[in-house]
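# Quick one, what's the 3D model for this:
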Amino acid sequence: QVQLVESGGGLVQAGGSLRLSCAASGLTFSSYSMGWFRQAPGKEREFVAVISWTSNYTYYAESVRGRFTISRDNTKNTVYLQTNSLKSEDTAVYYCTAHPHSFHVVIGRTDYWGQGTQVTVSP
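Alright, predicted model coming up:
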């Protein structure tokens, strides 16, 4: 049974930082591209970032490029999202997802999702 468990969310002031983590189990982590999505109240879930299984490919949504960094540790079966210079519009539930192919992660056509972690950015 595949499980993706996010953590690290919280309340932070604008301009602050958070490091989100997603611990994976039940899959061969080093064979999966991993990604982050987010969903704000009243909005659809949107792509944030993806990293390939070798970490040699990363891609970001334009709204977070230059502020967020995705990384992974295949020895810990964990993917991270370092979020810097946070803005109020970054407030959302952040979800982790996995698929063998990065393209499927980017378009959200994946089979595995975590339960999400809340990030709230105060003005």
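
# and the lowest-mean-pLDDT helix or strand in the chain, which residues are buried?
Within the chain, no helix or strand scores below helix 102-106, which has a mean of 94 by mean pLDDT, DSSP states H and E. For helix 102-106, burial by neighbour count (16 or more other Cβ atoms under 10 Å) applies to 102, 104-106. For glycine as for every other residue, the C-beta is placed from the backbone atoms N, C-alpha and C.

# next one: it to chain centre, how far?
13 Å (Cα atoms, centre = their mean, to the nearest Å).

# Which secondary structure elements does it sit against?
On a contact count with 3 or more Cβ pairs under 8 Å, 6 or more residues apart in numbering; DSSP states H and E, helix 102-106 meets strand 33-39, strand 46-51, strand 92-99.

# packing partners for the following helix or strand past it?
Scanning forward in sequence from helix 102-106 by DSSP states H and E, the next helix or strand is strand 112-113. Under the contact criterion of 3+ Cβ pairs under 8 Å, 6+ apart, strand 112-113 touches strand 92-99.

# picking that back up, now, among the buried residues of helix 102-106, which is nearest to residue 77?
residue 105 (16.5 Å; Cβ to Cβ).

# pretty sure the closest one is touching residue 35, no?
Yes. In this structure, residue 105 is within contact of residue 35 by Cβ atoms under 8 Å, at 3.8 Å.

# Identify the residues contacting the closest residue to residue 31 other than its chain neighbours.
Nearest residue to residue 31, sequence neighbours excluded (Cβ to Cβ, 6 or more residues apart in numbering): residue 53, at 5.7 Å. For residue 53, the contacting residues are 30-34, 74, 100, by Cβ atoms under 8 Å, 6 or more residues apart in numbering.

# Repeat the analysis, applying 10 Å as the threshold.
28-34, 72, 74, 98, 100-102 (Cβ atoms under 10 Å, 6 or more residues apart in numbering).
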